[in-house]
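A.B. asks: whatever this is, show me its structure:
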Amino acid sequence: MPDTSQQDIVAQLLQTITLTPTAKDTFVAPSFDYVGPRIFGGQVLAQAVMAGALTLEIDKPCHSLHGYFLRGGDIRLPVTYQVRRLRDGRSLSAREVIAVQHIATTDESGNPTTTEQVIFSMIASFSPMEGGLDYQETMPSYPAPDTLLTEQELKDRYVAQIPENLKARFMRKRHVEIKPVAPRDPINPAPTRPRQANWLRISELGKQPMAVHQALLAFASDFYLVGTGLMSHGISFMTKGLQAASIDHSMHFHRPFDVSEWLLYDMWSDTTSHAKGLNHGQFWQDGKLVATVQQEGLMRLHNDPNVSTSST
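C.D. replies: As a prediction, this is how the structure comes out:
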């Protein structure tokens, strides 16, 4: 399989979050195969952050977002983002962002037409970083990234156990460089406390505005988080019969950061019940808490392994 260069990866990520205006406060963005035939949740999160930011009269970073994944998106189709300006105050600006795809269908007469299908809904708030009272807990202590193997290097250990028809996808290079602190066996995971941590970055990004860094951190935040809730049950995304997907996703951005430098992503789950798991995460950089994440994920085990699907 041909190797994907870091320049190619950065170029595709920047293309992913490059939105084209089609009408006032309406934008269209491309879809890419990041995790399979369904659109990766991180793609929609990143594009929605950019859509909201593009409607601001005064440039302000996002300080919080709350989104719901309503349907699985189709990577063969672009996504249209419809932004509603809810409020523009002296400091706070609020935006509602709806992501839709136009699905080909036929009308009652059998003529070709399209149906608008909502796949994601988000409310985001933007506010300048103005200083003031400042407090945080101490950054957790984990091994430094230069002492750890990359996710790609770890895959080499397990590729022989992967079915032949899945090897190419399993070994495909991720668009975010990830170094797990305590790697799990993806084939035969043991039940363990639902807590994990990764170092991650998107190197060679160059100088970019804060909106791009926030969008790409939102993109990266959807990797591994929903899987944290699986850990206590000794299952993984490779488990036959597993149906998993992101249901909702929230983020709070606390301090400036640089996504091209190493960030620690500390994740944990405190409960799973009724086919859902609640997962939490914190991003740290240079001793500073820069963002907080929370996500609820769907997690079902089917008796028939042939009906299993894993998506986000």
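A.B. asks: check contacts around the closest residue to Glu261 other than its chain neighbours.
C.D. replies: Nearest residue to Glu261, sequence neighbours excluded (C-beta to C-beta, 6 or more residues apart in numbering): Arg201, at 6.0 Å. From N, CA and C alone the C-beta is placed, and that goes for glycine too. By C-beta atoms under 8 Å, 6 or more residues apart in numbering, Arg201 lies in contact with 176-177, 259-263.
A.B. asks: after the helix or strand containing Leu86, which helix or strand is next?
C.D. replies: Element membership of Leu86 [criterion: DSSP states H and E] is strand 79-88. Downstream of strand 79-88, the first helix or strand assigned by DSSP H and E is strand 93-106.
A.B. asks: what are the ranges of the strands in the stretch 51-200 of the chain?
C.D. replies: For the stretch 51-200 of the chain, the strands defined by DSSP state E, counting those that start in this stretch occupy 62-69, 79-88, 93-106, 112-126, 177-180, 195-201.
A.B. asks: would you mark the buried spots in the first one?
C.D. replies: Across strand 62-69, burial judged by 16 or more other C-beta atoms under 10 Å covers 62-65, 67-69.
A.B. asks: circling back to that earlier point, show me what the strand holding Leu86 is packed against.
C.D. replies: strand 26-29, helix 41-53, strand 93-106 (3 or more C-beta pairs under 8 Å, 6 or more residues apart in numbering; DSSP states H and E).
A.B. asks: contacts for the second one next, please.
C.D. replies: If I follow you right, that is helix 41-53. With contact meaning C-beta under 8 Å, 6+ apart, helix 41-53 is reached by 16-17, 19, 27, 29, 31-32, 34, 59, 62, 65, 67, 69, 73, 79, 81, 83, 95, 97, 99, 119-120, 122, 124, 126, 211-212, 214-216, 218-223, 246, 249, 251, 312.
A.B. asks: go again using 7 Å as the cut-off
C.D. replies: Helix 41-53 has contacts (C-beta atoms under 7 Å, 6 or more residues apart in numbering) with 16-17, 19, 27, 29, 31-32, 34, 62, 65, 67, 69, 73, 79, 81, 83, 95, 97, 99, 119-120, 122, 124, 211, 214-216, 218-223, 246, 249, 312.
A.B. asks: now which of the residues you listed would you call buried?
C.D. replies: Buried positions within the contacts of helix 41-53, assessed by neighbour count (16+ other C-beta under 10 Å), are 16-17, 19, 27, 29, 31, 34, 62, 65, 67, 69, 73, 79, 81, 83, 95, 97, 99, 119-120, 122, 124, 211, 214-216, 218-223, 246, 249, 312.
A.B. asks: re earlier: any chance of JSON lines for the buried residues of strand 62-69, columns distance to Gly41 and pLDDT?
C.D. replies: Shown next, in JSON lines, are the buried residues of strand 62-69 (distance: C-beta to C-beta, whole Å; pLDDT from 0 to 100):
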{"residue": "Cys62", "distance to Gly41": "17", "pLDDT": "98"}
{"residue": "His63", "distance to Gly41": "21", "pLDDT": "97"}
{"residue": "Ser64", "distance to Gly41": "18", "pLDDT": "98"}
{"residue": "Leu65", "distance to Gly41": "13", "pLDDT": "98"}
{"residue": "Gly67", "distance to Gly41": "9", "pLDDT": "98"}
{"residue": "Tyr68", "distance to Gly41": "11", "pLDDT": "98"}
{"residue": "Phe69", "distance to Gly41": "6", "pLDDT": "98"}
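A.B. asks: would you list those residues in TSV and tack on distance to Tyr158?
C.D. replies: Below are these laid out as TSV (distance: C-beta to C-beta, whole Å):
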residue	distance to Tyr158
Cys62	37
His63	39
Ser64	37
Leu65	34
Gly67	32
Tyr68	34
Phe69	28
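A.B. asks: need the max-distance pair from these.
C.D. replies: Spatially, the most separated pair among those is His63 and Phe69, at 21.6 Å (C-beta to C-beta).
A.B. asks: hmm, Ala124 and Cys62 touching each other?
C.D. replies: Yes - contact criterion C-beta atoms under 7 Å: Cys62 and Ala124 qualify, at 5.5 Å.
A.B. asks: and Leu56, how far is that from Leu14?
C.D. replies: Distance from Leu56 to Leu14, counting by C-beta to C-beta, to the nearest Å: 20 Å.
A.B. asks: right, I mislabeled it, should have said Val176
C.D. replies: Val176 is 14 Å from Leu14, by C-beta to C-beta.
A.B. asks: fine by me, we can end here.
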